[in-house]
Structure formats: structure tokens, C-alpha cells
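1. structure for this input, please:
(one chain, ligands or ions: 1)
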Amino acid sequence: MKPFKKLFPLFFSVLLACSCASSANTDLNIEKKVAGLLSNMTLDEKIGQMTLISSTDLPLDGEFAEALRKGQVGSVINEVDPARVNALQRMAVEESRLGIPLIVGRDVIHGFKTIFPIPLGLAATFNPTLVEQGARVAALEATAAGVRWTFSPMLDITRDPRWGRIAEGFGEDTYFTSAMGVAMIRGYQGGEPGDPSNMAACIKHFVGYGAAEGGRDYNSTNLPERVLRNVYLPPFLAGVQAGAMTLMTSFNDNDGVPMTGNRFLVRNVLRHEWDFTGLVVSDWASVNEMIPHGFATDQAHAARLALEAGVDMDMMSFAYVGHLGKLVGEGAVSEKMIDEAVRNILRVKFQLGLFDNPYVQEDVHREMFYKPEHLELSRQSAVQSVILLSNDGTLPLDADKIRSVLVTGPMADAPHDQLGTWVFDGEEQATVTPLKAIREHYGHRLRVLYQPGLKYSRDKDLSGIRKAVEAARTVDVVIVCVGEESILSGEAHCLASLDLQGTQSELIAALKSTGKPVITVVMAGRPLTIEKEVSLSNALLYSFHPGTMGGVALADLIFGKEVPSGRLPVTFPKTSGQVPLYYNHNSSGRPFQGNETMLDQIPLKAGQTSLGNTSFYLDAGAAPLFPFGFGLSYTTFAYTNIRIDQVSYHQNDTMTMSFDLTNTGKTAATEVAQLYVCDKTGSVTRPVKELKKFERIALNPGETRTVIWNLPISELAFWNLQMEKVVEPGQFALWVSGDSASGEPILFEVKK
Ligand code: NOJ
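-> Numbers count the residues shown, from 1 in each chain. Below you'll find the model as predicted:
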């Protein structure tokens, strides 16, 4: 088959740039239909199914239409106009020899029209049920426009906020990322097989991509097999077991092998060990990128490496369509391998019901967008995603007691930027900013002044700050919204410094100098280093870009209609020099003690070993600014009577533990109770703590609830020195607490 050379010259020139199904799900009927279809397909048609192209700029006549009619395109990405989707589908279904429908893909990452908080914000809710409901809304809206495949969820573990894509994931913890990922998959893929509102999930990026060296996107990763198996692979296994229909290979090379050509991880681990029978798609042009990686000599070689590794579909490299036919002819690759890939693709199309229902209703799709219940779910997700990091009692504000507020800062009225990264379809006109929400919902009870102070997050013009300060002098309270524009996080948008951009810090300091209470709201795509800003603020709310209804959520939290319950899904460093900094690091032989001599206390000519020879930075210590799992409320909680049912367990036992959780304050609120475990000794060093369970628990003032949790001891298993997944007998400690840095350990033993 000839590649679409004329049609896609650009893509050839940018070579250097740029519920499927575990076997348990496979249905015999579908397998029969797949086999029947496959036996009728020509090699060209098979390779067509293995080709995914971005077609939005291509006219519906000419070479592209011809390719569709010849069955040479299996899938398209980025089509969101239902009329166009139907037109393309008609050519594939009614005018091609075999009538195989297209699958239409799109990056629907945190909502389609109704935008939810970025995934890192969704993670901060610690609420998988809510995340699942949000994903369902995204599926309802996107499938109404004809999108049946989303490239989400991103299950990359990320321990480096410099990496812009930290915005797109669920943070630094393996167990937690697995739980959130499974929830999203369920939401997208829906319930009844074949329901036209089901959207295939794509778990990505397989694997290790979040560990890019230096937090610089596309950079190499160097993760040994045990670290992959203990930390980076489990969320993907959980996704496969939850029935994720598709998976995407990542851009990075790990230990020298690009993931799109990584036979060991894709073919051996994913396919053989995990029995994944879904569709594996490359990332955008990642087949070709094995050439600049220096792993493939040319495009034909790249195509062969990807196919041999187990990549079924080539996204935007045109390497399969360009070379597989010839490679089969030469006997360099077997048609059997191609058949396997096509089977995986057709299976997904059958599972989605595309053969029965290829078209979308053109006239009604808009009715599905921004439904009141979708907006309410977005608001609720934003409410639960906001983390209260500090509060001297200024929050919540009583709208009947204070007479006036100044709303200021570049993010106070930034409808585009508060949506966050990966928003192709959401519209800023539908976005409610904090300014708008405070005016609309609270403006009748107090005077609301507005001075932006700065026009955008990178703004360095000081003249606006003077105006904001003048306005601040005339009000009772200042609400300053700072952070990052959405373009500063996401793919390829990495930062070496995590400080607030522009003169935002100066803005906060100038407002503070007025003596008025300052409430700081940070809206960002990543953890920022905000130690100074915390000290300048009377209260600080952190909101990972909160989406369409973010402003309403923040206003409701500020004025006490809602109570903060978000918790950090990532560690917040004091300075970017501390990263990677994560709570579940391995035990060091010389852990930080807390009594070491810090930079400012070092006497002149101090003795070489007098400062304390432990693992820390002279200028930043070893502790983070805020630990994983942290978040305040408008009330306080107490954990008492933490008990376990035995002190010694066998490997097959289940531990039952219980504790009393009391709301010790005056406000009804929700606590996120967390269970951490440490395996004290192992055949390899073990993390100092690992999250094993979490639960949101709502309590009225003064209320106590006895919470009972079960923990199967098998969940303490890890990949040990012999590269076997086992629970090693020995001493363990557990903590039940409100974050990863507090609580008292309870010891127990696991016997053979
Ligand atoms: C590249 C990104 O890495 C991936 O996450 C995304 O799904 C594809 N492009 C498609 O847009």
C-alpha cells in the first residue's frame, strides 16, 4: 500500500519533531465476528485498521475520502463535529468493501464541554466515586459529538512538579493512582456493553513517562525493573483488570529502550503476564521518534520494532501504512503479527457497538452539553478538590459581618486559564470565575471591589499592584487569586523554578503591607513553592485548575457555604531544589533527625562531621512544605482508640482494624482518613510509608464514628530481591491519620 504521501507531506517532514479487555471480558460472539471479518481482509485493509490519523484539516473529498473508501484508515483523532463524524463514518461503513466503522478519538481529559478540575485536582478530592461520575459526564458529552475513544486516564506516577504533565495525573502514589484510574475508566466505559454513550478509555503512558529525568518532558527515564513493578506498573495492571479497552505507549526511553519498541514491557508483561487483549496504540508519532532516539535506523525499521513490541495502532507516524506491506512481502515481519494487531482493534470496535451503531445524532448533541446536573457535578468536584493549606481563623468569611472585600490577582477573573491544560472543547464563556461568583452569589450582602493587580500570571508590570493596594486600604478583607496560566503546565510545559511567576509574590506582599487580612487562592497546574506566600497570607486555599465551576466552588468555600475537604495527592516541596520529594521514598541508612545544623547556624570553620551526617539539604532540610495527604478543614478531627485485631498475622489473613474519628470542632465537615503501612525490613529496602486505604468520612460537630477497615495481608506484597511478588514475613508498622506525616505507629508482625 502506498502511504498517503501527497496528503500528509507535513507529517513526513516532521519525523524528527514531533474496556477492552482482559481476557475475562472477551465475548465469544465478538471473537467469532472478529475472526470472520479478519479472514476476508486484504493485507492493505488490515494495515488500514492499524492506522490512526488526525483528519480535521482534510477535505471530505479527494485522497482522504478515497483512503476511507478503500478501508485504509481505521481510526481518526480530533473530529468533534457530529456531521463530519457521520460523513466520515458513511464512507467507511457504506462505501468501503467491508464496512468497518471508524473509531473517533479525542483527548477528553477532564471533561468535554463541562470542564472538571484537572486530574491532579480530581485526585485531591480523594473521592473515586465523584471521579467516576465526572468521567461519565465527560463520556455523555463527548459521545454526543461522536467521540468514542478518549486518551485518558493518565496513570503516570509523578514525583516531580517541574514536569508539566503532573497536571494530568493523580500524583505520586501507586495505590492511590490505581484507585482513581479505575474510577475514571468505569466512568468513561459505562455499564452496558455497546451503549452508544460508552467511550473507550486509554490508559497511558505505558510506562515510566512521569519519571522523566530532571522533570523535563520526553526525557529519558532510568527505572529498574523492580521499581517499575513496585511503583509504575501497578496502576496499569489495575486499569487492565478494570477492563480498560486501550493503552498507549509512552515517548520516553527507559534504560535505553523507547517504550514504543519495548518488547519486554509491552509484549511480555502487558500481553503475556497480564493477558491484555485490548488495543495498544503508539503515542503521537512515537513510532517515528524511535529514529531520533537512535533506536531505529529508518522508518521501516521503526515500524518493525513497534509491531514486534506489540503496538497495534500507529498514531500519526504513517510508518505502518508506509512499510508494513513491504515488510510482510519481504518476510521481515509475519502477517500473523499483523492479524493479532487487527484482532485487538476490531475487538474494541465490536465492544463499543460501533458496527451496530456507527452514527451519531446530529441535531441533539448540544442538548447534552452543560446540563445543570453536569455543572453541579463540576462544582462539587471543584469544591472537594480545593485544599486549605493554612488558616489563622480568617476563613470562612461571614458575609453578614464583613462589609467589603477586594477581589484581586491575575487568576481572579481568568476564565480561560482556570480551565487548565488539555481543554480543546470547553469554552471560557461557560466558565464562572471567582470574581463572577463572588459578585453574583455574595455581592448583595457586601461590597465587592475588583482590581486585577496584574493582568496575567507572568505579568511584571508594577502599576496594577499600586492600584490594588489603594483599593485594599478601603476594604475589610482582601482575596487575592494567583497561580499559573493554563499554558504553563501540561505536555511539554515544564519549569525549572516552581516559584510564583511574574510579580505575583510582590502583589501579595504589597497587599499584606496594608494590614488587611489577606486570603490567598492559588490556581495552578502543579505544586508551586509557596512557603513565603503562606507566611504572607492569613489563609491559603490551593486549587489545581478547577474547571468550569471553579469560581463558584471557591466562593462557596471562602464564605463557608462549603467546608474544605481536599487533600494533597502530591508532596509540596519548599523549593524546587528538593525534588524529587515524595512521602513514600525508601528508608535511608541515615535518615534526617531534625536536629541537624542548618545553613544559618553553621559556625565558622565548623568541623567536618559536626553538622549531622544525615540525608538532608543544609538550606532546605529534608521535610516538605506540606506532606502528601495534607489538608485543613474549618473544624478539627481526632483519631482515638486505633486498634488492630491481632498483633501477628499469617500471609493469608485479613487484618481488621478500627478507630474512633471525632469531629472536635463546631462545623460539620468531611475528613479523609488514611491508612499507611511500613514494612520494616525486606530483602530490598522498603518505603518508609505506603498508603493502603483512604475514606472520606462526614461528621457533624461533636460526632464520633467508629470506623472499621479490613486489610488483606496479601496487599503488603511487593516485588522482592528474587523478583517475585510476595509478602515477606517480619515486622510492620501502621498509622491511621489525616496525612502522611502524622499519627503514632502501631506495630504488628507477619508470619510465614
Ligand atoms: C501526545 C500526548 O502525549 C498524548 O497524551 C495524547 O493523548 C496524544 N498526543 C494525542 O493527542
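
2. for the residue of the stretch 651-752 of the chain at minimum distance from the ligand, what are its contacts?
-> Of all residues in the stretch 651-752 of the chain, Leu691 sits closest to the ligand, with a separation of 25.7 Å (CB to the nearest ligand atom). (Each C-beta comes from the backbone N, C-alpha and C, glycine too.) Contacts of Leu691 were listed using CB atoms under 8 Å, 6 or more residues apart in numbering, and they are Asp173, Tyr175, Phe176, Asn584, Phe628, Gly629, Gln674, Leu675, Tyr676, Ser740.

3. which one of those sits closest to Arg84?
-> Nearest to Arg84 among these is Phe176, at 39.1 Å by CB to CB.

4. redo the contacts of Leu691 as CSV? Include secondary structure and neighbour count.
-> Compiled in CSV, these are given as follows (DSSP: H, G, I helix; E, B strand; the rest coil; neighbours: other CB atoms under 10 Å):
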residue, secondary structure, neighbour count
Asp173, coil, 27
Tyr175, helix, 17
Phe176, helix, 23
Asn584, coil, 23
Phe628, coil, 26
Gly629, coil, 27
Gln674, strand, 24
Leu675, strand, 20
Tyr676, strand, 27
Ser740, coil, 25
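
5. Ser497: which of these is nearest?
-> Nearest member of the contacts of Leu691 to Ser497, counting by CB to CB, is Phe628, at 22.1 Å.

6. contacts only, for the spatially most central residue of the chain.
-> Centroid-nearest residue in the chain, with CA atoms, centre = their mean: Gly169, separated by 1.7 Å. Gly169 makes contact with Pro119, Leu120, Ala123, Met154, Leu155, Asp156, Ile157, Thr158, Thr177, Gly210 under the criterion CB under 8 Å, 6+ apart.

7. what's the distance between it and Val475?
-> Summarising the geometry, the distance separating Gly169 from Val475, computed by CB to CB, to the nearest Å, is 39 Å.

8. pLDDT score for the residue in the chain that the ligand sits nearest to?
-> Among the residues of the chain, Phe151 lies nearest to the ligand; the distance is 3.2 Å by CB to the nearest ligand atom. Per-residue pLDDT puts Phe151 at 98.

9. for Leu7, same thing?
-> We have a pLDDT of 42 for Leu7.

10. give me the below-cutoff pLDDT ranges for this structure.
-> Segments of the chain classed as low confidence (criterion: pLDDT under 70) are 1-26.

11. kindly report the residues of the stretch 451-600 of the chain close to the ligand.
-> The stretch 451-600 of the chain has residues Glu491 near the ligand, with proximity defined as CB under 6 Å from any ligand atom.

12. just the strands in the stretch 451-600 of the chain please.
-> For the stretch 451-600 of the chain, the strands defined by DSSP state E, counting those that start in this stretch cover 477-483, 518-524, 539-544.

13. tabulate those strands in CSV, adding columns for mean neighbour count.
-> As requested, the strands of the stretch 451-600 of the chain are exported to CSV (neighbours: other CB atoms under 10 Å):
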stretch, mean neighbour count
strand 477-483, 27
strand 518-524, 28
strand 539-544, 28
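
14. got the buried residues for stretch 613-631?
-> Phe616, Ala620, Ala622, Ala623, Pro624, Leu625, Phe626, Pro627, Phe628, Gly629, Phe630, Gly631 (16 or more other CB atoms under 10 Å).

15. ditto for stretch 358-365
-> By 16+ other CB under 10 Å, the buried positions in stretch 358-365 come out as Pro358, Val360, His365.

16. kindly report the same for stretch 375-388.
-> Counting neighbours by 16+ other CB under 10 Å, stretch 375-388 gives 375, 377-388 as buried.

17. among those residues, name the ones in strands.
-> Members of these lying in strands (criterion: DSSP state E): Ile387, Leu388.

18. which one of the buried residues of stretch 375-388 is nearest to Leu247?
-> When these are compared against Leu247 (criterion: CB to CB), the nearest one is Ser381, at 25.6 Å.

19. the nearest residue to the closest one once chain neighbours are set aside: neighbouring residues, count only.
-> With CB to CB, 6 or more residues apart in numbering as the measure, Phe116 is the residue that lies nearest to Ser381, at 5.0 Å, once sequence neighbours are left out. By other CB atoms under 10 Å, 35 other residues sit near Phe116.

20. quickly note the distance from Phe116 to Arg473.
-> 38 Å.

21. partners of the helix or strand where the residue of the stretch 651-752 of the chain closest to the ligand lies, with directions?
-> Leu691 is located in strand 690-699, with elements delineated by DSSP states H and E. With DSSP bridges as the test, strand 690-699 is paired with strand 669-679 (antiparallel).

22. which parts of this structure sit against the ligand?
-> For the chain, the residues in contact with the ligand under the definition CB under 6 Å from any ligand atom are Asp107, Phe151, Lys204, Asp283, Trp284, Glu491.

23. let me see the contact set for the third one.
-> Yep, that's Lys204 we're talking about. Lys204 makes contacts with Phe151, Ser152, Pro153, Met154, Leu155, Asp156, Leu247, Met248, Ser250, Asp283, as judged by CB under 8 Å, 6+ apart.
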